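> based on what follows, work out the 3D shape:
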Amino acid sequence: MTLIMSKIRIVTDSTADLSQELVERYQIEMVPLTVTINGTSYKDKVDITNETFYQLMQSSEELPTTSQITPAEFAEVYQRIAQEGTEHIISIHLASDLSGTYQSSVLAANMVQDTIAVHNIDSRNATIGMGLIVLSAAKMVESGMALEEILERLQEIVAKTELYFLLDSLDNLHKGGRIGKASQLVGSLLNIKPILCLKDGVISAYEKVRGNKGNKAQERLIDILIEKIDPDKEVYCVIGYCDNLEYSQHIQERLEGKINCSEFVYLQIGSVVGTHIGMGANGMAFYQL
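Sure, this is the predicted structure:
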């Protein structure tokens with residue numbers, strides 16, 4: 001039997017980098033991680049906006065730090081949602097390879113199991129890749145799809161979601177310990193721009209582009225997206241940026257007519273992920289079923 005929409009709620013964390021408009025539109029509960037910069041701690045997207053964070057990071061001499069959500073914080077959110085009459089929570093979080101946030105959500109689910117059923121999902125992704133997965137789940141809930149079908153479909157979406165992106169520098173990723181298989185590139189980037197891929201929870205170097213005249217690496221990123229996406233099948237995608245929306249719009253312009261996408265969603269990468277990747281990042285996450 002299909003559960004009505006109000007009986008299922010989507011919970012995620014702020015590294016999904018969803019806009020407030022989307023959070024409100026789909027009644028998504030987005031629990032904030034904490035970012036500390038210049039000695040002050042802020043709840044991501046609650047106490048600090050993306051724009052303010054990037055301004056502070058540009059002038060900060062030290063790399064900001066981030067803190068995951070505790071099980072107690074998740075449990076409090078789950079219990080509050082249960083009191084609103086929700087029967088099932090689908091809780092989708094940052095790749096367990098990159099953070100302990102997912103594990104915190106699992107521990108919290110055990111703490112409230114007598115109150116509400118929580119279905120924990122490791123997105124195996126981050127930022128716009130995770131945001132794409134969360135949005136897909138929210139749309140399925142809104143459509144009235146049965147819980148079991150949503151969970152089954154999410155497994156397929158998680159397995160097929162890929163994120164390709166460019167960074168201005170690998171410094172923050174390296175210092176923060178999130179560089180994964182791309183670590184081999186550190187110290188060898190003179191005149192080389194790496195195109196990175198995040199899939200199955202692991203960041204890896206997909207291709208190295210030598211020279212950057214005329215935004216060579218950015219154009220190659222778009223070519224890779226065209227190569228990866230089957231034009232005969234519908235593609236679901238999200239385009240992400242830090243402080244360079246113009247280039248993200250250029251990605252869409254180049255892809256239009258070459259891929260079968262009914263909606264291009266834009267998300268700005270927030271303070272927690274921004275801490276680890278630095279300024280100037282852009283890319284696209286997508287999946288095809």
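> when you work out contacts or count neighbours from here on, use the C-alpha atoms and nothing else.
Fine.
> how about residue 144, secondary structure?
Three-state assignment for residue 144 (DSSP: H, G, I helix; E, B strand; the rest coil): coil.
> if you could redo that for residue 141, that was the one I meant.
helix.
> contact partners for residue 96?
Residues in contact with residue 96 (CA atoms under 8 Å, 6 or more residues apart in numbering) are 102, 103, 122, 124, 201.
> repeat that with 10 Å
102, 103, 104, 121, 122, 123, 124, 125, 126, 200, 201, 202 (CA atoms under 10 Å, 6 or more residues apart in numbering).
> and these as TSV, adding pLDDT?
Output for these, formatted as TSV (pLDDT from 0 to 100):
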residue	pLDDT
102	97
103	98
104	98
121	98
122	98
123	98
124	97
125	97
126	95
200	89
201	90
202	87
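> excluding its backbone neighbours, what's nearest the residue nearest to the spatial centre of the chain?
Residue closest to the mean C-alpha point of the chain, counted by CA atoms, centre = their mean, is residue 127 at 1.9 Å. Leaving aside its chain neighbours, residue 127 sits nearest to residue 16 (4.5 Å; criterion: CA to CA, 6 or more residues apart in numbering).
> now the strands for the stretch 1-150 of the chain?
8-13, 29-31, 34-37, 40-43, 65-67, 88-93, 117-122 (DSSP state E, counting those that start in this stretch).
> worst average pLDDT in the ones you listed?
Of all the strands of the stretch 1-150 of the chain, the minimum mean pLDDT falls on strand 65-67 (a mean of 92).
> state the helix or strand in which residue 252 lies.
In this structure, residue 252 sits in helix 245-255 according to DSSP states H and E.
> kindly export that helix (C-alpha atoms) in CSV.
What follows is helix 245-255, C-alpha atoms only, in CSV (Å, rounded to 0.1, in the frame of the first residue of the first chain):
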residue,chain,number,x,y,z
LEU,A,245,27.7,31.1,-11.7
GLU,A,246,28.5,32.4,-15.2
TYR,A,247,30.6,29.3,-16.1
SER,A,248,27.9,27.0,-14.7
GLN,A,249,25.5,28.7,-17.1
HIS,A,250,28.0,28.1,-19.9
ILE,A,251,27.9,24.4,-19.1
GLN,A,252,24.2,24.4,-19.7
GLU,A,253,24.4,26.3,-22.9
ARG,A,254,26.9,23.9,-24.3
LEU,A,255,24.9,20.8,-23.2
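> OK, contacts around the residue nearest to the centre of the chain?
Here residue 127 is in contact with 13-18, 93-95, 163, 240, 267-270, 272-274, 285 (CA under 10 Å, 6+ apart).
> try 6 Å
By CA atoms under 6 Å, 6 or more residues apart in numbering, the contact list for residue 127 reads 15, 16, 17.
> quick check: the nearest residue to the first one once chain neighbours are set aside vs residue 103, distance?
Pointing back at residue 15 there. Spatial nearest neighbour of residue 15, chain neighbours left out: residue 127 (5.2 Å); criterion: CA to CA, 6+ apart. Using CA to CA, to the nearest Å, one obtains 18 Å as the distance from residue 127 to residue 103.
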